[in-house]
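Enquirer: model the structure of this input:
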Amino acid sequence: MQNHSITLASTSPRRRELITLFDAAFQFASADIDEAPRDHESPEQLVRRLSRAKAELGARDGRDAIVIGADTIGWIDDAIIGKPCDLDDAVRMLKQLRARPHIVYSGVTVKRGERALTLIATTTVWMRDYSDAEIAAYVATGDPLDKAAAYAIQHGDFRPVARIDGCHANVMGLPLCHLYRALRSFGAALTEPDRACQAHLGIVCPVARDILSDQYSVVTEH
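Expert: Numbers count the residues shown, from 1 in each chain. All right, here's what the predicted structure looks like:
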């Protein structure tokens, strides 16, 4: 890695867990912002705007550091599904998602000085046909309250997801292969994360090598 530090502007334990799979030293900072969507804002526009705002807030001390901001939402029925405001809202969201597909969008912004680069990851998620009793038991744990779309794909008891099409880590809030590509463009010397990610999550990822390829198309913004 070059002679500058990398900071993840997030308090999310899932993001902090995932970024350690790069096997490099990272710093962490909070980035509390208003995450409410604007009128007529598309999911791509929302996660791009919020991830950039978090990166800019994380870089507020002016150090010569690379700063990462990330934001994740769900999308179903032509509407954004963010974090639930309370337990009843979590129940509503989980019933809306049940036995149906939805799309998870993440924006990852890497910023250093005046330059910023944002990449967008999308994953289609099919939820299983879980019961009302399962929803009630899961919501009672409090786990959904800080999760986009009110669930954690990795939850060992609830296990809400039947299958996915796309990046698994994206559903957890930090698409590592997209982040690697963005960090590489800023000169960060990191090991490609796909093997460590698959081992950590206990999956075989069919899309990692494609995403890491220079031929893979991603939405970017400088």
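Enquirer: could I get the full set of strands for the protein?
Expert: With DSSP state E, the ranges of strands along the chain come out as 6-9, 27-29, 66-76, 79-81, 101-112, 115-127, 161-165, 219-221.
Enquirer: got the buried residues for the fourth one?
Expert: Along strand 79-81, these residues count as buried under the neighbour rule (16 or more other Cβ atoms under 10 Å): Ile80, Ile81. Any C-beta I mention is one placed from the backbone N, CA and C, and that applies to glycine too.
Enquirer: and that strand, what does it pack against?
Expert: Judged by 3 or more Cβ pairs under 8 Å, 6 or more residues apart in numbering; DSSP states H and E, strand 79-81 is in contact with strand 66-76, helix 87-97.
Enquirer: these: which one's closest to Glu44?
Expert: strand 66-76 (9.5 Å; Cβ to Cβ).
Enquirer: and the residue of the chain most remote from its centre, how far from Val110?
Expert: Distance from the C-alpha centroid of the chain, by Cα atoms, centre = their mean, peaks at Ala133 (28.0 Å). Ala133 sits 43 Å away from Val110 when distances are taken as Cβ to Cβ, to the nearest Å.
Enquirer: so where's the longest helix in this protein?
Expert: Using DSSP state H, we find that the single longest helix of the chain is helix 43-58.
Enquirer: how distant is it from the center of its chain?
Expert: Centroid separation for helix 43-58 versus its chain: 12 Å, with Cα atoms, centre = their mean, to the nearest Å.
Enquirer: tell me which helix or strand of this structure sits lowest on mean pLDDT?
Expert: Lowest mean confidence among the helices and strands of the chain (mean pLDDT, DSSP states H and E): strand 219-221, at a mean of 54.
Enquirer: give the contact list for the residue positioned nearest the centre of the chain.
Expert: Nearest residue to the geometric centre of the chain (Cα atoms, centre = their mean): Gly173, 2.1 Å. For Gly173, the contact set (Cβ atoms under 8 Å, 6 or more residues apart in numbering) comprises Ser12, Arg14, Arg15, Leu18, Ala70, Thr72, Ser106, Ala148.
Enquirer: and Ser131, how far from Val171?
Expert: In terms of Cβ to Cβ, Ser131 sits 22 Å off from Val171.
Enquirer: which one's more surrounded, the two?
Expert: Val171 (26 against 9; other Cβ atoms under 10 Å).
Enquirer: from memory that one sits against Ile164, does it?
Expert: Yes - contact criterion Cβ atoms under 8 Å: Val171 and Ile164 qualify, at 6.4 Å.
Enquirer: give me the contact list for stretch 189-202.
Expert: 1-2, 18, 21-24, 154, 168-169, 176-177, 179-180, 183-184, 204-205, 208-209, 212.
Enquirer: in helices only, show me the residues you listed.
Expert: Per DSSP H, the contacts of stretch 189-202 map to helices at Leu18, His168, Ala169, Leu176, Cys177, Leu179, Tyr180, Leu183, Arg184, Ala208, Arg209, Leu212.
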